[in-house]
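Asker: following is a predicted model, sequence given first.
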Amino acid sequence: MSATQIFNEGATQERAENARLSNIIGAIAVGDLVKSTLGPKGMDKILQSATRGGDDGLVVTNDGATILKSIPLDNAAAKVLVNISKVQDDEVGDGTTSVCVLAAEILRQAEQLLDQRIHPQTIIDGFRLATS
C-alpha cells in the first residue's frame, strides 16, 4: 500500500499560534478592503479581471458583495467572511458589507486580547456571554 499525497509539492503547514494569527490577519484585511465602501462617502473600487484584457475586465463598484465575490482567497478565515456575506445576501438581501466589516472588527479585538496572552477559549467564552 503506497502513501497518497494530498498536498502540492512544496506545501507548508502552519500550526497553533502562527495559523491562528495568519487567519485573523487575512480576515481583517478582507474587512478593511470593503470597509471603505460603506456609508454616504463610500469609495468605489476598480476591479480588474486577470483573465480578460482591456476595458472588458474592468468593473467599478462600491458593492461589498461584488467585491467579495471577485477576489481570489486562500485564507480560511477570509473565506468564512465571504460566506457570511453570501448568507446575509441570501437571507436578508442587504447588509453584506456591514456583516463582513463587523466580523473583521470582532476578530481585530480578539487579536488584541490574544496579544495580552488571554487564552482563546476565554475569549470565545466572553463573546458567547456577550451574545446572551
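Answerer: Good, I have the coordinates.
Asker: which stretches in the protein count as strands?
Answerer: 45-48, 58-61 (DSSP state E).
Asker: export these to JSON lines and tack on distance to Arg128, mean neighbour count and mean pLDDT?
Answerer: Glycine gets a C-beta too; all of them are placed from N, C-alpha and C. Conversion of the strands of the chain to JSON lines gives the following (distance: least, CB to CB, whole Å; neighbours: other CB atoms under 10 Å; pLDDT from 0 to 100):
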{"stretch": "strand 45-48", "distance to Arg128": "34", "mean neighbour count": "14", "mean pLDDT": "83"}
{"stretch": "strand 58-61", "distance to Arg128": "36", "mean neighbour count": "12", "mean pLDDT": "84"}
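Asker: so which of these is nearest Leu81?
Answerer: Minimum separation from Leu81 across the strands of the chain (CB to CB) falls at strand 45-48, 16.1 Å.
Asker: partners of that closest one in the sheet?
Answerer: strand 58-61 (antiparallel) (DSSP bridges).
Asker: show me the one of the strands of the chain that comes nearest Ala78.
Answerer: strand 45-48 (16.3 Å).
Asker: quick one: contacts of the closest one?
Answerer: 33, 36-37, 57-62, 66-67, 70 (CB atoms under 8 Å, 6 or more residues apart in numbering).
Asker: let me see the contact set for the residue nearest the centre of the chain.
Answerer: By CA atoms, centre = their mean, the chain has its centre lying nearest to Ala78, at 2.6 Å. For Ala78, the contact set (CB under 8 Å, 6+ apart) comprises 23, 26-27, 29-30.
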